[in-house]
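>>> Mind looking at a prediction? Sequence and model below.
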Amino acid sequence: QLQLVESGGGLVQPGGSLRLSCAASGFTLDSYAIGWFRQAPGKEREGVSCINSIGGITNLADSVKGRFTISRDNAKNTVFLQMNSLKPEDTAVYYCAAKRVPFCSAYVFRNMDYWGKGTLVTVSS
């Protein structure tokens, strides 16, 4: 069974950091573009960042540039999202998703094949 499982969410104070993980089971991620998405309460889901199968990065959310960094460790079959300088407006459920293509693009972001169930990030004092 092909699965993506996110972890690492939680409650953090403004200005703090979290590192989210997206672990794959049932398939290997090295042939997949992987994206991180988030959905805040009452808002539509938005793309945050995407990493190519060989490591190139596409950041889609201007609001996270300079604060969030996506990376991957194909040996561990895991993709990460390092989130620094967190703000209350970063509060959301964060999802990872995968598509078996080498490169990220707007089309890829709209047509991901596999999704995790999400992990909640709450930024609050």
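Nice, I can see it.
>>> quick one: contacts for the most centrally placed residue in the chain?
For the chain, the residue nearest the mean C-alpha position is Trp36 (2.3 Å; Cα atoms, centre = their mean). Counting by Cβ atoms under 8 Å, 6 or more residues apart in numbering, Trp36 makes contact with 20, 22, 47-50, 68, 70, 79, 81, 94-96. (C-beta placed from N, C-alpha, C; glycine too.)
>>> Please tell me how far Ser53 sits from Asn74.
Distance of Ser53 to Asn74, computed by Cβ to Cβ, to the nearest Å: 8 Å.
>>> got any residues that touch both of those two?
Taking Cβ under 8 Å, 6+ apart as the criterion, Ser53 and Asn74 both touch 29-30.
>>> which one of those two has more residues nearby?
Ser53 (20 against 16; other Cβ atoms under 10 Å).
>>> so who does the more buried one touch?
Listed by Cβ under 8 Å, 6+ apart, the contact set of Ser53 reads 29-33, 101-103.
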